[in-house]
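Q: Only the shape, not the letters, is given here:
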């Protein structure tokens, strides 16, 4: 019988080589989380589109007049939706990553695989929501205001916010 001893790395690293070797498991966890998240809702993937619009509507109802009186340069719809999309990816990623670690604790205890796969796959699910929210942002911004407030660098600003 061959015994394999697994030792932790000597320095603090993400061990990307090991993550790459287990990319199929990473794909499985991310796809499973996406299916579970949207299979439980009646409207499915539309929830990723409706949620930022509803949150933007609530903020617009309560805060738009205050920003208008303070001489704000940008339309409040663009300002609030862009911030909500970035906040949504951050908050969803963080809260679901911790929850997924607890939900998958039985798998973590039984077999060895890179533990970073579970929280990273839940962040991928929030990235999936971000893509839909970003498309809503682009469509809403261009349809309401044309290209006046849209800059060619806008996608890069969002990318910097995600990183």
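A: Yep, that arrived. Remember, it's a predicted structure, so these values are computed and weren't measured experimentally. Numbering: from 1, shown residues only.
Q: For stretch 97-115, give the distance from the opening residue to the closing one.
A: For stretch 97-115, the first-to-last residue distance is 11 Å (Cα to Cα, to the nearest Å).
Q: which residues touch it?
A: Stretch 97-115 has contacts (Cβ atoms under 8 Å, 6 or more residues apart in numbering) with 6, 15, 18-19, 22, 25, 29, 33, 118-123. All C-beta spots, glycine's among them, are computed from the backbone N, C-alpha and C.
Q: Who wins on neighbours among these?
A: Within the contacts of stretch 97-115, most neighbours by other Cβ atoms under 10 Å means residue 122, with 26 neighbours.
Q: where exactly do the helices run in the chain?
A: Secondary structure of the chain (DSSP state H): helices at 16-21, 23-39, 46-69, 76-103, 105-110, 117-145, 154-162.
Q: ok, back up a step: looking at the contacts of stretch 97-115, which is nearest residue 161?
A: Residue 161 lies nearest to residue 123 out of the contacts of stretch 97-115, by Cβ to Cβ, at 14.2 Å.
Q: Might one say that the closest one is in contact with residue 93?
A: Yes: the pair residue 123 / residue 93 is scored as a contact, 4.2 Å apart, by Cβ atoms under 8 Å.
Q: tell me the centre residue of the protein?
A: Most central in the chain under Cα atoms, centre = their mean is residue 126, positioned 2.5 Å from the mean C-alpha point.
Q: buried residues in the lowest-mean-pLDDT helix or strand in the chain?
A: Every helix and strand in the chain was compared by mean pLDDT, DSSP states H and E; the lowest is helix 154-162, with a mean of 73. Within helix 154-162, the residues scored as buried using 16 or more other Cβ atoms under 10 Å are 154, 158, 162.
Q: I'd like those laid out as TSV, including distance to residue 58.
A: Output for the buried residues of helix 154-162, formatted as TSV (distance: Cβ to Cβ, whole Å):
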residue	distance to residue 58
154	24
158	22
162	23
